[in-house]
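Student: Have a look at this prediction, sequence included:
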Amino acid sequence: MKVKNRKGQEEIVGFIVIVVIVTIIAVMLLLFSARKPVGIESSQEIGNFLQSSMYFTTDCKFGTESLELGELVKSCYNSEMCGEESSCVILNRTFDGLLAAGWNLERYSGYELNIYSSQDNSTILDLNAGQQSLNSQASSLSLLMASGNKISVHLKVYAKAG
Amino acid sequence: MTRKGQFKIQQMTFMIAAVFIFFILAGMFVFSIQLRNLRKTADQIEQNKAIGISQYLVESPEFACASGSYCIDTDKMIVLMNRTAYKKFWPVAYIKVFKVYPNATGACTLNNYPNCGSYDVFDSGFQSTSSTSSFVALCRKTKEESVKTVCELGKIIIGYKIKG
């Protein structure tokens, strides 16, 4: 009788061990297959926005010539003036309008724009609006100065949840 | 002894059936997740393809600015609008372009250009079910004190044909 009981107990223990091993393997497989790459995906649309924006004709005039946005970024980095107004003020105003029109906050949760010098990491412009969310996409653009210095324009757009 | 053997076989059969059902359920769960990801990937590929077409169109000589990529010459575009000769040339259902910034309204014609907001460049008449858009610079020549280029931000919308 004792031998029979022990055999029964061994079978139950064996069964439990098998179930636990199978469960662990299944959970590991599930986690592995459901895992998504964490981080920011580069978005073609955001890249297109940045590229196209660089051609935008701004209010900053040198004589009769109006500067394109790409040139205005460099002008702001060099702390130049557009007539009586600072080029950085015009840069801020222009990007503010472009971003608000391009990434409507009724459709998107928010956005962050950072323009900085890659050489000394100094910030040229920081703009953000709306709220951050878990789902975001980003893209960067580099502008080359005559001095060889690089200016990076980085835009991150947050999608609305749901 | 025979009954005990039968009981053992029955017990093993139940065990095998339970394990089998468990694996089937787990497999179905994994399969449904994979299928969902596959559909997402298929949609993404379709969208990327349409974005590729839009970039090809933007860089075609009929639209492109002299200055570079991601730029449409609206002086060319206003002349190109509703040309029937292009009906079979573009592999899309329709092409529309509109100004994003500064904001402007009204369909563009030769009479109100450039004080307008949208260009209906091409429409094949095909009932497309999907579209994609891409940001572009909209540039034109103006003459004030001298001839200069003015660029604004716009979007090109490509309606693409969907099979089936």
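Tutor: Sure, I can see it.

Student: hey, let's count contacts and neighbours off CA atoms from now on
Tutor: Will do.

Student: domains for chain A, by residue range?
Tutor: A:1-35, A:42-159 (automatic domain parsing).

Student: Show me what the lengthiest helix in chain A packs onto, helices and strands only.
Tutor: If each helix of chain A is counted by residues according to DSSP state H, the longest one is helix A:2-34. Where contact means 3 or more Cα pairs under 8 Å, 6 or more residues apart in numbering or on different chains; DSSP states H and E, helix A:2-34 is packed against helix B:2-58.

Student: Give me the next element, helix or strand, following the helix it packs on.
Tutor: On the C-terminal side of helix B:2-58, the nearest following helix or strand under DSSP states H and E is strand B:71-73.

Student: Enumerate the residues of chain B near chain A.
Tutor: Remark: the part of chain B in contact with chain A comprises B:26, B:30, B:33-34, B:70-71, B:100-103, B:134-137, B:145-146, B:148, B:150-153, using Cα under 8 Å from any Cα of the partner chain.

Student: In helices, which of those fall?
Tutor: Short answer: the residues of chain B next to chain A in helices (DSSP H) are B:A26, B:V30, B:I33, B:Q34.

Student: residue ranges with poor pLDDT in chain B?
Tutor: Per-residue confidence for chain B (pLDDT under 70) gives these ranges: B:1, B:43, B:46-47, B:50, B:128-129, B:162-164.

Student: So which residue is dead centre in it?
Tutor: Against the mean C-alpha coordinate of chain B, by Cα atoms, centre = their mean, the closest residue is B:T132 at 3.1 Å.

Student: Three-state assignment for that residue, please.
Tutor: strand (DSSP: H, G, I helix; E, B strand; the rest coil).

Student: Mind listing the residues bridging to it?
Tutor: B:I158 (DSSP bridges).

Student: what's the neighbour count on residue 76?
Tutor: I'll assume chain A. Neighbouring residues of A:C76 were enumerated by other Cα atoms under 10 Å in any protein chain shown; the total is 20.

Student: Wait, chain B was what I had in mind.
Tutor: Other residues lying near B:K76 total 16 when counted by other Cα under 10 Å.

Student: ok, now which ones touch the residue nearest to it when sequence neighbours are not counted?
Tutor: Nearest residue to B:K76 in three dimensions, chain neighbours excluded: B:F63, at 6.4 Å (Cα to Cα, 6 or more residues apart in numbering or on different chains). If a contact means Cα atoms under 8 Å, 6 or more residues apart in numbering or on different chains, then B:F63 has B:L57, B:I72, B:D73, B:T74, B:K76, B:M77 as its contacts.

Student: Give me the distance between A:D126 and chain B.
Tutor: As for A:D126, its distance to chain B is 20 Å (criterion: Cα to the nearest Cα, to the nearest Å).
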